[in-house]
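[1] Provide a 3D model corresponding to the input given below.
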Amino acid sequence: MSKNPPSHIPQREVDRANSVDLLTYLEQCEPDNLKKICTGVYTTLEHDSLQISNGKWYWHSKGIGGHTAVQFLMKVREMRYPDAIRQVLRYTPTSYLPIENTSEPVEKVFQPPKRNFNHNRVIAYLEKRGISRNVIFYCIKQQILYESKDYHSAVFIGKDAQGVPKYGNIRSTNGSFKGECKGSDKRYAFSLHPPTFKSNTLHVFEASIDALSFATYAQLKGTPWQNFNLLALGGISGNSQKVPTALQQFLSDHPEIKALHLHLDNDMPGREAAKHITKLLSEKYTVKDAPPATGKDVNDFLLAFRGMSSVENVPHQNGVSL
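    This next block holds a predicted model:
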């Protein structure tokens, strides 16, 4: 995919094409291919694992993403750079002005979906994932889990140090969609911990369901799970050389943390992320790489432990590190 500037197109037009975000392009060019999931979050009928939100897009099944329509056309449609530029210019208005070029900064406003009048579908869904009712109801009572009104998805809420909701992770209860609420601040991902810390250890996961799975496993083992400090990063990047934003913020807000147990996935991104986090934080914290003993993630392990999946050779006597 060549990135040489297209000939016979003024540079100002090339720059304009490169500033057009994917949502604007699809609204103008392919409205029938665009599907709204919830407020500010979209996918495409062409690729249902491709999520568009907060001016960015990410194709979960392929592990690729970007910001602009040109990047989408090159990475997803495999178009040449000059052809992608011409495609965007053909369908977007000349008056288009991206948000980042406006003189005033635009403040993020957190916009989670409306709550449903009950949480029945979310409760049923999480129970099918092996999560105990005690853990589910505890999260609902703490107002960090609820069912969305329009799509009946599970919404996991992250709060800042003052208890103000700042982040929302969405998980469909009847499909494979995963996404974030509009305006989410990634620094404040979903976490579960007592008001006054009982432990100086932080257990780190990729997904909210993995954190709830760990709490359920602890409950089944007779361990006081309410005393644990659990943080879900909302996804990871395996090749990242930086401490994940959510982890960095949590450690900054809670200096009492002295040890980290990393329960990241048993896949290449998870293993790479665990390696990088260990390397970056091992001088200041005691870091233990503690992936699930079997299965891809902690939820897989919990399902196997409870006899709810086909994963074999579950070491019930040991399991994940508590």
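[2] make it CA atoms for all contacts and neighbour counts henceforth
    Will do.
[3] tell me how many other residues crowd the residue lying closest to residue 296 once chain neighbours are set aside.
    Nearest non-adjacent residue to residue 296, counting by Cα to Cα, 6 or more residues apart in numbering: residue 266, 4.9 Å away. Neighbours of residue 266 under the rule other Cα atoms under 10 Å: 17.
[4] next one: residue 227
    Look at residue 227: counted by other Cα under 10 Å, it has 16 neighbours.
[5] I'd say it and residue 199 touch.
    Yes: between residue 227 and residue 199 there is a contact under Cα atoms under 8 Å: 7.0 Å.
[6] tell me where this structure has helices.
    Taking DSSP state H as the criterion, the chain carries its helices at 11-19, 22-29, 69-75, 81-91, 120-128, 133-141, 208-220, 245-253, 268-281, 298-305.
[7] go ahead and flag the most central residue of the protein.
    residue 234 (3.3 Å; Cα atoms, centre = their mean).
[8] my guess is that residue contacts residue 187, does it?
    No: Residue 234 is beyond contact range of residue 187, at 10.0 Å (criterion: Cα under 8 Å).
[9] phi and psi next, for residue 151.
    phi -120, psi 0 (degrees, to the nearest 10).
[10] show the contacting residues for residue 116.
    146-150, 152 (Cα atoms under 8 Å, 6 or more residues apart in numbering).
[11] may I ask which two of these are separated the most?
    146 and 150 (12.4 Å; Cα to Cα).
[12] how near is residue 252 to residue 191?
    Distance, residue 252 to residue 191, using Cα to Cα, to the nearest Å: 14 Å.
[13] which one of those two has more residues nearby?
    residue 191 (24 against 11).
[14] ok, back up a step: what about the residue nearest to residue 296, distance to residue 131?
    The spacing between residue 266 and residue 131, counted by Cα to Cα, is 20 Å.
[15] again with residue 303
    9 Å.
[16] of these two, which one has the most company?
    residue 131 (25 against 21).
[17] contact partners for the residue nearest to residue 296?
    So residue 266 contacts 291-292, 295-297 (Cα under 8 Å, 6+ apart).
[18] of those, which is the most crowded?
    residue 291 (25 neighbours).
[19] okay, now residue 36: neighbour count?
    Every residue meeting other Cα under 10 Å relative to residue 36 is counted, giving 12.
[20] what's near enough to touch the closest residue to it other than its chain neighbours?
    Nearest residue to residue 36, sequence neighbours excluded (Cα to Cα, 6+ apart): residue 42, at 4.4 Å. With contacts defined as Cα under 8 Å, 6+ apart, residue 42 is in contact with 34-36, 51-53.
[21] try it again with 10 Å
    By Cα atoms under 10 Å, 6 or more residues apart in numbering, residue 42 lies in contact with 23, 34-36, 48, 50-53, 57, 179.
[22] that one and residue 22, how far apart?
    For residue 42, the distance to residue 22 - Cα to Cα - is 10 Å.
[23] tell me, what's touching the two both at once?
    52-53, 57.
[24] overlap of the contact sets of residue 227 and residue 199?
    Joint contacts of residue 227 and residue 199 (Cα under 10 Å, 6+ apart) are residue 193.
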